[in-house]
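In: could you work out the structure for the sequence below:
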Amino acid sequence: MTAAIRSILTPIAIVRLVLGWGAFAALLFAGPLLAPPVPGPLLVTALAIIVGVILICAFGVVNEAEHLARRLGDPYGSLVLTLSIVLIEVVLIAAVLLGPGEHATIGRDSVMAVSMIILNAVIGLCLLVAGLRHGGLAHNRTGVSTYLSLIIVLAALAFALPALIGSNGSYEEWQEIPIIVITIGIYAFFLFRQMGAQAADFYEVDPRSTQSAEVAAESASTTVETAPQQSIVEIISTHRTEIIVRLALLVATVTPIVLLSHDMASLLDDGLGRLGAPVALSGVVIALIVFLPETITSVRAAWAGEIQRVSNLCHGAQVSTVGLTIPTVLLIGLLTDQPIVLAESPANLLLFAVTLLVSVTTFAAKKITAVHGGAHLVVFAIFGITLFS
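Out: Predicted structure coming up:
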């Protein structure tokens with residue numbers, strides 16, 4: 001058991017932890033020095049150091065996520081990484097809402113930024129990479145259809161319905177409780193089915209992706225074996241120590257990424273303000289950094305031809321983000337008597353509708369190609385244009 005733990009808690013893993021948490025502690029102590037306006041050279045240096053530490057930690061998160069994915073198999077392996085990042089992000093949004101000041105739109109703005117990044121930028125890049133390297137790839141259409149059905153319903157509840165039945169972009173108080181219950185209920189039911197009776201709907205179906213996964217497993221660290229064909233309960237029982245330690249290391253490595261990303265928000269706002277960039281751009285940059293580990297993992301899966309794992313990571317993250325964030329912010333709004341504005345602008349609603357339409361047509365095809373990826377990237381580019389409009 002000790003040898004197994006040592007093989008996981010390697011010197012590199014420990015260095016990543018020290019760097020991540022050390023940088024976060026340094027930011028706390030240097031708070032007064034980094035209060036805006038920050039001198040230009042200090043601002044650039046601080047941002048460069050934070051981004052550098054985040055990148056180092058991100059590769060550690062990807063490493064642990066890939067080990068867990070091989071051990072547990074999909075969709076369980078992808079779900080671990082997705083929930084780790086999303087849960088921490090939700091906790092931080094809740095902390096902002098419970099802090100001083102008014103943050104009526106933080107839930108809406110965060111979810112919209114994450115949605116555009118995941119559904120267009122990350123998926124578009126992954127499909128482009130996979131299509132150029134492997135050609136057309138088959139995916140498990142039942143699983144992807146399940147994701148997209150939930151994304152459409154949850155997006156309508158979050159961004160469109162408040163403008164139609166609420167007031168000033170917010171749900172009425174009596175409407176919020178059923179919306180919270182419905183959202184949590186459908187998300188919990190989805191997880192129950194995904195991890196149980198419908199788990200096979202989220203497996204790889206393209207023969208080439210299966211072969212690529214086997215080759216990747218053989219070339220990986222000799223301390224990790226390809227997950228045997230066992231039930232998830234048997235796997236957890238057999239490899240309990242390894243799974244617990246890797247999961248704890250993943251969470252301990254991803255937490256400073258999210259904390260540093262939010263701590264650098266004021267610095268980024270200051271820098272972008274001096275450049276005359278829109279304030280909303282800061283939220284997009286922060287969201288990109290927060291989901292960097294998942295982005296790297298998704299691109300690597302695309303490179304290996306594991307297109308269903310790309311869907312499990314990206315679409316799963318989208319479902320979890322909306323399914324957890326919206327009930328959280330609404331519940332906090334009810335308990336603290338804060339207004340929670342969810343209704344989106346007409347431009348963003350149109351872009352989200354186009355995103356959903358492109359997603360449905362892309363994954364309705366028998367095989368996904370590089371052109372599909374290009375279409376998603378174009379939508380993300382248009383989203384970038386709207387930020388400056």
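In: now for Leu349, how many residues are close by?
Out: 16 (other C-beta atoms under 10 Å). Every C-beta, even on glycine, is put in place using the N, C-alpha and C of the backbone.
In: which phi and psi does it have?
Out: For Leu349, the backbone dihedrals (degrees, to the nearest 10) come out as phi -60, psi -40.
In: mind listing what it touches?
Out: Contact analysis of Leu349 by C-beta atoms under 8 Å, 6 or more residues apart in numbering lists Phe159, Ala160.
In: what of the one 5 residues further on?
Out: Taking C-beta under 8 Å, 6+ apart as the contact definition, Val354 lies against Val379.
In: what about it, distance to Ser145?
Out: Val354 sits 19 Å away from Ser145 when distances are taken as C-beta to C-beta, to the nearest Å.
In: then Ile368?
Out: For Ile368, the distance to Ser145 equals 14 Å [C-beta to C-beta].
In: those two: which has the busier surroundings?
Out: Between Ile368 and Ser145, counted using other C-beta under 10 Å, Ile368 has the larger neighbour count: 27 against 14.
In: which SSE is the closest residue to Leu324 other than its chain neighbours in?
Out: Spatial nearest neighbour of Leu324, chain neighbours left out: Val90 (4.9 Å); criterion: C-beta to C-beta, 6 or more residues apart in numbering. Assigned by DSSP states H and E, Val90 belongs to helix 76-98.
In: in the helix or strand just after that helix, what's buried?
Out: Heading C-terminal from helix 76-98, the first helix or strand you meet, by DSSP H and E, is helix 106-116. Buried residues in helix 106-116, counting neighbours by 16 or more other C-beta atoms under 10 Å, are found at Ile106, Gly107, Arg108, Asp109, Ser110, Val111, Met112, Ala113, Val114, Ser115, Met116.
In: which of the residues in the following helix or strand past helix 106-116 are classified as buried?
Out: As assigned by DSSP H and E, the chain's next helix or strand after helix 106-116 is helix 123-134. Judged by neighbour count using 16+ other C-beta under 10 Å, the buried positions of helix 123-134 are Ile123, Gly124, Leu125, Cys126, Leu127, Leu128, Val129, Ala130, Gly131, His134.
In: so which other helices or strands are in contact with helix 123-134?
Out: Packed against helix 123-134 by the contact rule (3 or more C-beta pairs under 8 Å, 6 or more residues apart in numbering; DSSP states H and E) you find helix 292-303, helix 307-336, strand 367-368, helix 370-387.
In: between those, which one is nearest to Thr238?
Out: Of all those, helix 307-336 sits nearest to Thr238, with 22.6 Å by C-beta to C-beta.
In: please identify the buried residues of the closest one?
Out: Neighbour count says helix 307-336 has 307-333 buried, by 16+ other C-beta under 10 Å.
In: which strands or helices does it pack on?
Out: Judged by 3+ C-beta pairs under 8 Å, 6+ apart, the packing partners of helix 307-336 are helix 76-98, helix 106-116, helix 123-134, helix 141-155, helix 173-194, helix 207-219, helix 292-303.
In: any residues touching the shortest one, and which ones?
Out: Where contact means C-beta under 8 Å, 6+ apart, the residues beyond helix 106-116 that reach it are 89, 93, 96-97, 155, 158-159, 280, 283-284, 286-287, 291, 317-318, 321-322, 325-326, 328-329, 340-344, 348, 351-352, 355, 379-380, 383.
In: one more: the last one?
Out: Contacts made with helix 292-303 from outside it, assessed by C-beta under 8 Å, 6+ apart, are listed as 54-55, 58-59, 61-62, 65-66, 81-82, 85, 122-123, 125-127, 129-130, 133, 254, 257, 288, 307, 309-310, 313-314, 317.
In: do the same with the fifth one
Out: Counting contacts by C-beta under 8 Å, 6+ apart, the residues outside helix 173-194 that touch it are 75, 79, 146, 150, 153-154, 157, 161, 165-166, 171, 201-202, 319-320, 322-324, 326-327, 330-331, 333-334, 340.
In: check the gap between Ile12 and Ile56 for me.
Out: Counting by C-beta to C-beta - Ile12 and Ile56 are separated by 10 Å.
In: and those two? which has more neighbours close in?
Out: Neighbour tally, Ile12 and Ile56, criterion other C-beta under 10 Å: the higher count belongs to Ile56, 17 against 12.
In: buried stuff in the helix or strand harbouring the more buried one?
Out: Following DSSP H and E, one finds Ile56 within helix 40-72. For helix 40-72, the neighbour count (16+ other C-beta under 10 Å) marks 43, 46-47, 49-51, 53-54, 56-58, 60-72 as buried.
In: for the residue nearest to Val205 when sequence neighbours are not counted, give me its contacts.
Out: In space, and not counting its chain neighbours, Val205 is closest to Asn140: 4.9 Å by C-beta to C-beta, 6+ apart. Taking C-beta under 8 Å, 6+ apart, we find Asn140 in contact with Asp201, Phe202, Tyr203, Glu204, Val205, Gln308, Ser311.
In: before we move on, back to that, export only the CA atoms of the helix holding Val90, formatted as CSV.
Out: The C-alpha trace of helix 76-98 is given here as CSV (Å, rounded to 0.1, in the frame of the first residue of the first chain):
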residue,chain,number,x,y,z
TYR,A,76,-16.9,7.3,-14.6
GLY,A,77,-13.4,8.6,-15.2
SER,A,78,-14.6,11.7,-17.1
LEU,A,79,-17.2,12.3,-14.5
VAL,A,80,-14.6,12.5,-11.7
LEU,A,81,-12.7,15.3,-13.5
THR,A,82,-15.8,17.2,-14.6
LEU,A,83,-17.5,17.2,-11.1
SER,A,84,-14.2,18.1,-9.4
ILE,A,85,-13.9,21.3,-11.4
VAL,A,86,-17.5,22.2,-11.6
LEU,A,87,-18.2,21.7,-7.9
ILE,A,88,-15.3,24.0,-6.9
GLU,A,89,-16.5,26.6,-9.4
VAL,A,90,-20.0,26.4,-8.0
VAL,A,91,-18.6,26.8,-4.4
LEU,A,92,-16.7,29.9,-5.4
ILE,A,93,-19.7,31.5,-7.2
ALA,A,94,-21.7,30.8,-4.0
ALA,A,95,-18.9,32.5,-1.9
VAL,A,96,-19.1,35.6,-4.1
LEU,A,97,-22.9,35.8,-3.7
LEU,A,98,-22.6,35.4,0.0
